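>>> need a 3D model of the following:
(one chain, ligands or ions: 1)
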Amino acid sequence: MKDLKNAGRYYAHYFKKYRLGFLVASLMIAFSTWCIVVAPTYLGEAVKELTSYLQLWGNPATRATANFDAFHRTLIIYILLYVGDASTIFIASLIFARISAFATGTMRIGLFRKMQRMRVQYFDRHSDGDILARYTSDLDNIFNAMNQALLEVFLAVAQFVGILIMMFRENTTLAWVTMASTPIALIVAAVVMKKAGTAVDRQQDDIGRLNGYINEQITGQKVIITNGLQQDSVRGFQGYNETVRKSALSGQIWSGILNPLMQGMSLLNLAIVIFVGSWLALSGTMSQGAALALVVVFVNYASQYYQPIISLTSLYGMIQLAITGARRIDEVRSQPDETRPINGKALTGIDHDLVLDDVHFSYLPGKEILHGVSLQVAKGEMVALVGPTGSGKTTVMNLLNRFYDVDSGAILFDGTDVREFDLTALRAHVGIVLQDPQLFTGTIADNIRYGDPEASMARVIDAAKQANIHDFIESLPEGYETPVSDEQSVFSAGQKQLMSIARTILTDPKLLILDEATSNVDTVTEAKIQAAMDNVIAGRTSFVIAHRLKTILNADKIIVLKDGTIIEEGSHDALLKENGFYAELYHNQMVFE
Ligand SMILES: Nc1ncnc2c1ncn2[C@@H]1O[C@H](COP(=O)(O)OP(=O)(O)OP(=O)(O)O)[C@@H](O)[C@H]1O
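Next up is the predicted model:
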C-alpha cells in the first residue's frame, strides 16, 4: 500500500505537465465509453424493430405497412457508435503513447541529472549493475506500463462505471443479477494476484542472482580459465538456472491462471443472466419484443461486465513492475545531494598550507575509520601516504576532495575549512589521478582536455609531452584524433595512466592527489609514469598514495598510517633511522624489488 502511495506521488509529479493531454484523453475515453455502453440499447432497439416488423409482415392485413426503415436506422446508429468508440480510443492511445514517451524521457534525464548531484557514498554502496538497472529495466517497465496499461486502466474504470449506470437504467433486477458474482470474482482475483505477486517477486530475485553470477563469471573469466574451473562454473550456473526455471514456472502458472479463471466466471455469469432474463421475459410482464430486447441488451452487458476486471487483472503484473520501478527510481531521487555551501568562498590556490586537524571519520555509523588524524603540509610540499591495506589512505583522499565530510575535526586550506569553499571551485583546484584510470568515448585529444573542453590543441600537446605520452600518440595513424572508448580500449594500463596524468596536468590543479599510479605496469612504463608524476608534482602541493615505496623516496614528508592513525611521520631517511614500521615495510619491499 505504501509502495502504491509512493508510486502515485511519483507519477503525479511527472504527469502534472501533461494535464491538458490527460483532459483530452479522458474526454475521448468518456465518449468512447458512452458509445460502448449505449450501443447495446440500440441493439435491443433493433431487435424490437425486427420483432415488430415480423409481426406486421406475418399479418396479411398489416403486411403492406411493414418496412425495415426504423430497423436500418437503428443498426446504422449502432455501427456509428462502434466507429465512434474505435476512433476515440485510437486518438486517446496516441495521446497516452506521447505522454509515456515524453514522461519517461523526462524521468531518464531527471535520474541522470540527479546522479551528477548525488554524494559519492551512493555509488560506493551500490553496484554498477544495480544503478544501471534503474536506467534500463526499471525505466523500461515504467514505459511499458504507461504505454499499455494507462489507457487500459482508464478505459476499464470508465467502462465499469458506464455499464453499471446503464444496467440499472435498463432493469434493476437484471443489473443486480449481473453484479451478484462480483464479490466472489474479486476475492478469487485477490488471492490469485497475491500468489502471482509473490511468485513473480521470487522469480525476479532469482533472475537477479543468476545475472549476478553471470556478471561475476564474465568478469572473472581469465581466473576461471587459468584455474581450469570451466566445468565448475557451468555447474554453478546450472544451479542458478534451475532455480530460475522453477520460480519462472510457478510465476507463470499463477499469473496465467487468472485470465482463464476470470473468463470462466464471466461465462458462468452470462449463463445466469440469460437464464434469469429469459425467466423474466417468459413471466409475461413485458411484450415479447421488449422482453427479447432486454435479454439481448443484458447478454451484451453481462459479457462486457467482467471485461474491465479481466483487463485490470491481466495488467496486474505490468502495473506491479511499474510500481517497483517507481519505488527504485524514487529511492534515487530522494537521496541527499552533495552539500554545497551557500555563497561558498572562492578558492584560488594554496598560498600557505593544508592542515588536517584532528580528523575523525566513519563511512558507517559506529565504525570509525580515521581516529584523530592531524598533519600539516606546506605549500608545494609532496606528502606520501603509506601504510598497510585498509589503513585509511584512500579515505584521506576522499576527504580532501570532499567526496565525504569529516565527522569531527577539520581540513583547512590556508586556514579555511574545505566545507566553506564553493564546491565547484574546490574541485577545480584538486586534481586526482586514480589507481584505475578512466577513459571516455571520444578522441585522445578529447580525453586529455576532458577537464577543460575549451583547451587549445597546443595545451593538449604540451600536457601530453609533460606526461611522456606525446610520442606514443604521434605514432598512432590518427594521432590525437584516435578514437577512444573505455569499453573497447586498445590501450595498455600504463598508456591509460599516462593519458590520465596528461588530463590532470592540463587542468593545472593547485592540490594534486595521486593514488597508486604505478601499479600493474612494466618497469619501462613505470619509469615513464614516474617521470610524468615528477613533472606533474613539481611545484604543486601533492599527496601521493603509494604501495611501492621506491616511488616516494624523494617525498618531503612520509606519513605512515595504520588502522586509521598516524604512527610515523618524517622524511625517508629520518624514518629509516627511526627503524620503526616504515623501515620494516621498506626493507621487506626491497627484498622483492
Ligand atoms: N565506501 C565505504 N563504505 C564503508 N567502508 C569503507 C568504504 N570505503 C572504505 N571503507 C573501509 O575503510 C577502511 C579504509 O579503507 P581505505 O580504502 O581508505 O584503505 P586504504 O589504506 O586506501 O587501503 P588500500 O591500500 O587497500 O587501498 C577499510 O576498512 C575499508 O573497508
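>>> C-alpha only now, for contacts and for neighbours.
Fine.
>>> separation between Met167 and the ligand?
63 Å (CA to the nearest ligand atom, to the nearest Å).
>>> wait, isn't that residue in contact with Asn300?
No - Met167 is beyond contact range of Asn300, at 10.3 Å (criterion: CA atoms under 8 Å).
>>> which of these two has more neighbours?
Met167 (23 against 19; other CA atoms under 10 Å).
>>> how about the contacts made by the more buried one?
174-175, 298, 301 (CA atoms under 8 Å, 6 or more residues apart in numbering).
>>> what does it show for phi and psi?
phi -60, psi -40 (degrees, to the nearest 10).
>>> show me what from the stretch 51-200 of the chain comes close to the ligand.
Where the stretch 51-200 of the chain comes near the ligand, counting by CA under 6 Å from any ligand atom, the residues are Asp124.
>>> can you pull out the strands in the stretch 51-200 of the chain?
Here the stretch 51-200 of the chain has no strands by DSSP state E, counting those that start in this stretch.
>>> next: the chain.
Using DSSP state E, the strands of the chain run over 353-364, 367-378, 382-386, 408-413, 416-417, 430-433, 442-443, 483-484, 511-515, 541-545, 557-562, 565-570.
>>> the last one and the ligand in contact?
No - contact of strand 565-570 with the ligand (CA under 6 Å from any ligand atom) is absent, the minimum separation being 10.9 Å.
>>> helices or strands up against that strand?
Contacting strand 565-570 under the criterion 3 or more CA pairs under 8 Å, 6 or more residues apart in numbering; DSSP states H and E are the following elements: strand 367-378, strand 557-562.
>>> need the residues of this structure near the ligand, please.
Selection of the chain residues close to the ligand by CA under 6 Å from any ligand atom yields 124, 363-364, 369, 389-395.
>>> sorry, back to before: can I get the helices and strands packed on strand 565-570 in CSV with mean neighbour count and mean pLDDT?
Shown next, in CSV, are the helices and strands packed on strand 565-570 (neighbours: other CA atoms under 10 Å; pLDDT from 0 to 100):
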stretch, mean neighbour count, mean pLDDT
strand 367-378, 17, 92
strand 557-562, 23, 93
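>>> centre-most residue in this protein?
Arg134 (1.3 Å; CA atoms, centre = their mean).
>>> chain neighbours aside, what residue packs nearest to that residue?
Ile329 (6.3 Å; CA to CA, 6 or more residues apart in numbering).
>>> how much space separates that neighbour from Val120?
Going from Ile329 to Val120 by CA to CA, to the nearest Å gives 17 Å.
>>> more neighbours, these two?
Set Ile329 next to Val120 and count neighbours by other CA under 10 Å: Ile329 wins out with 22 against 16.
>>> mind checking how far the more buried one is from Arg113?
13 Å.
>>> format the CA atom coordinates belonging to stretch 133-151 as PDB.
Written as PDB, here are the backbone C-alpha positions of stretch 133-151 (Å, rounded to 0.1, in the frame of the first residue of the first chain):
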ATOM      1  CA  ALA A 133      19.200  -1.400 -14.000                       C
ATOM      2  CA  ARG A 134      17.400   1.700 -12.800                       C
ATOM      3  CA  TYR A 135      18.000   3.300 -16.200                       C
ATOM      4  CA  THR A 136      17.300   0.200 -18.200                       C
ATOM      5  CA  SER A 137      14.800  -2.400 -16.800                       C
ATOM      6  CA  ASP A 138      13.100  -0.100 -14.300                       C
ATOM      7  CA  LEU A 139      12.500   2.700 -16.800                       C
ATOM      8  CA  ASP A 140      11.500   0.200 -19.500                       C
ATOM      9  CA  ASN A 141       9.000  -1.400 -17.100                       C
ATOM     10  CA  ILE A 142       7.600   2.100 -16.400                       C
ATOM     11  CA  PHE A 143       7.400   2.900 -20.100                       C
ATOM     12  CA  ASN A 144       5.700  -0.300 -21.000                       C
ATOM     13  CA  ALA A 145       3.100   0.100 -18.200                       C
ATOM     14  CA  MET A 146       2.400   3.700 -19.100                       C
ATOM     15  CA  ASN A 147       2.200   2.900 -22.800                       C
ATOM     16  CA  GLN A 148       0.000  -0.100 -22.500                       C
ATOM     17  CA  ALA A 149      -1.600  -0.100 -19.100                       C
ATOM     18  CA  LEU A 150      -2.600   3.500 -18.600                       C
ATOM     19  CA  LEU A 151      -5.200   3.600 -21.400                       C
END
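>>> residues making contact with it?
Around stretch 133-151, the neighbours that count as contacts under CA under 8 Å, 6+ apart are 92-93, 96-97, 100-101, 104, 108, 111, 315, 318-319, 321-326, 328-329.
>>> quick one on the thing from earlier: wait, which of the helices and strands packed on strand 565-570 is closest to Ala25?
strand 367-378 (55.0 Å; CA to CA).
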